[in-house]
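1. below is the sequence, then the predicted model.
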Amino acid sequence: MPDETPAPSDLGYGEALAELEAILFELEDDTLDVDLLAERVARAATLIAHCRDRIDGARMEVERIVAGFDDPDPT
């Protein structure tokens, strides 16, 4: 059976965050099979890195846009 977990690059920020929250719920529930624990933590780490990249990208874009406000000649 092929792995149907989407690559982080295929997820928007909100989707990645929702998956992270689901993983956190699993970890807090104490019923997660120990054989899946490392897999879920690794997926969470990958999603966290993806979310950080998305935040950094958005921050840079906002800074670029705001810097344009300071330019009196938009041409």
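-> Right, received. Where do you want to start?

2. show me what contacts the spatially most central residue of the chain?
-> Taking CA atoms, centre = their mean, the centroid of the chain lies closest to Cys51, which sits 2.7 Å from it. Cys51 sits next to 13, 16-17, 20 when contact means CB atoms under 8 Å, 6 or more residues apart in numbering. (Each C-beta comes from the backbone N, C-alpha and C, glycine too.)

3. emit the ChimeraX select command for whichever of those are buried.
-> Burial among the contacts of Cys51 is assessed by 16 or more other CB atoms under 10 Å; the matching ChimeraX selection reads:
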select :16,17,20
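
4. name the nearest of the contacts of Cys51 relative to Asp29.
-> Asp29 has its nearest neighbour among these in Leu20, at 14.8 Å by CB to CB.

5. re earlier: take the contacts of Cys51 and write them to CSV, including secondary structure.
-> Formatted as CSV, the contacts of Cys51 follow (DSSP: H, G, I helix; E, B strand; the rest coil):
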residue, secondary structure
Tyr13, helix
Ala16, helix
Leu17, helix
Leu20, helix
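
6. between the contacts of Cys51, which sits nearest Thr31?
-> Leu20 (18.5 Å).

7. and the closest one, how far from Thr5?
-> 13 Å (CB to CB, to the nearest Å).

8. equivalent analysis for Ala38, please.
-> On the measure of CB to CB, Ala38 and Thr5 end up 15 Å apart.
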